[in-house]
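Trainee: sequence-free structure coming up:
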């Protein structure tokens, strides 16, 4: 990938999600050690000091409303 990836705002927020080259490479390294069904899930949940908290984990399940971004340095 040439440069960072910026995904336009999701859910009408207009706030982009930015993934750096370094982060994409690290995600790919981690996923190499996981089953083929594993992927990185990033979610924003209610709670925390500002009213929101991030949930970042490896997950083997996929929801029908998930936004999938395949192929970043082999990340899935």
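Mentor: Good, I have the coordinates. If you're wondering where the values come from, they're calculated on a predicted model, not measured in any experiment.

Trainee: CA atoms for contacts and neighbours, from now on please.
Mentor: Noted.

Trainee: any idea which element residue 30 lies in?
Mentor: helix 21-32 (DSSP states H and E).

Trainee: tell me what that helix is packed against?
Mentor: The contact analysis (3 or more Cα pairs under 8 Å, 6 or more residues apart in numbering; DSSP states H and E) places helix 21-32 against no helix or strand.

Trainee: switch to numbering from 617
Mentor: From this message on, residue numbering opens at 617, which makes the last subject helix 637-648.

Trainee: tell me the buried residues in the helix or strand just after it?
Mentor: Per DSSP H and E, the first helix or strand lying C-terminal to helix 637-648 is strand 655-662. Within strand 655-662, the residues scored as buried using 16 or more other Cα atoms under 10 Å are 655, 656, 657.

Trainee: so in that sheet, which strands flank strand 655-662, and in what orientation?
Mentor: strand 668-675 (antiparallel) (DSSP bridges).

Trainee: looking at this structure, which helix or strand is least sure?
Mentor: Least confident helix or strand of the chain, by mean pLDDT, DSSP states H and E, is strand 621-623 with a mean of 66.

Trainee: next, format the buried residues of strand 655-662 as JSON lines and append pLDDT and distance to residue 684.
Mentor: Shown next, in JSON lines, are the buried residues of strand 655-662 (pLDDT from 0 to 100; distance: Cα to Cα, whole Å):
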{"residue": "655", "pLDDT": "85", "distance to residue 684": "9"}
{"residue": "656", "pLDDT": "86", "distance to residue 684": "10"}
{"residue": "657", "pLDDT": "86", "distance to residue 684": "9"}
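
Trainee: from those, which is closest to residue 674?
Mentor: For the buried residues of strand 655-662, the closest approach to residue 674 (Cα to Cα) belongs to residue 656, at 4.7 Å.

Trainee: ok, back up a step: direction included, what does the helix or strand that the least confident helix or strand of the chain is followed by pair up with?
Mentor: Sequence-wise, the next helix or strand downstream of strand 621-623 (DSSP H and E) is strand 633-635. According to DSSP bridges, strand 633-635 has the following sheet partners: strand 621-623 (antiparallel).
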